[in-house]
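Engineer: this one's structure only:
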């Protein structure tokens, strides 16, 4: 996204289970940890529209996620600079997953000091003709094919460099320099 002139979010598609729509990974002393947002599944079996997916608050996942993030990154060089910006994600109850995700995107863009216009789709296109289609990157079961430079991580000495972590990891470790890493990603491997 840091190398784009504009961003278009696919919001007219069906919900994709086990994707980055509901999860991210952080670095902990024990390695890579998944943070997953629980969702309510539609009453009818089959596909559910992304815009209709509601967040499940039966368990206090927000408190659990916040504690995990604080434990993982509190001693990192830059976490304290971004913590207050991130707190609304763990204090407000968003009804719909899409609203949480779009708010998270806005917060991260502010933290990165990026001002890239974004919009949402209103109709699903199987093969977009006017846009670079990067929807395949949402699959959490596959490693991101983009090549990027390693950076120091808080538990580097114990785990080595962990790939495909949340942007929170890069922000917490590199702060304002995070944008340099994002702009240097080799996108030629993305098809």
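Structural biologist: Yes, it's here. Treat the numbers as computed from the prediction; the structure is a model and nothing was measured.

Engineer: burial check on the closest residue to residue 141 other than its chain neighbours, number of neighbours?
Structural biologist: Closest residue to residue 141 apart from its sequence neighbours, by Cβ to Cβ, 6 or more residues apart in numbering: residue 18 at 6.2 Å. For every residue, glycine as well, the C-beta is placed using N, CA and C. Neighbour count of residue 18, defined by other Cβ atoms under 10 Å: 11.

Engineer: my read: residue 18 touches residue 142, true?
Structural biologist: No - at 10.7 Å, residue 18 does not count as touching residue 142 under the criterion of Cβ atoms under 8 Å.

Engineer: roughly how far apart are the closest residue to residue 50 other than its chain neighbours and residue 54?
Structural biologist: Distances taken as Cβ to Cβ, 6+ apart place residue 15 nearest to residue 50, at 4.9 Å, with adjacent residues excluded. Residue 15 is 10 Å from residue 54, where distance means Cβ to Cβ, to the nearest Å.

Engineer: mutual contacts of the two, please.
Structural biologist: Both residue 15 and residue 54 are contacted by 39, 97, under the criterion Cβ atoms under 8 Å, 6 or more residues apart in numbering.

Engineer: of those two, which one has the most company?
Structural biologist: Using other Cβ under 10 Å as the criterion, residue 15 and residue 54 rank with residue 15 on top: 19 against 16.

Engineer: biggest helix in the protein by residues?
Structural biologist: Determined from DSSP state H, the single longest helix within the chain is helix 97-112.

Engineer: pLDDT of whichever helix or strand comes after that helix, averaged?
Structural biologist: Heading C-terminal from helix 97-112, the first helix or strand you meet, by DSSP states H and E, is strand 118-120. Here strand 118-120 scores 80 as its mean pLDDT.
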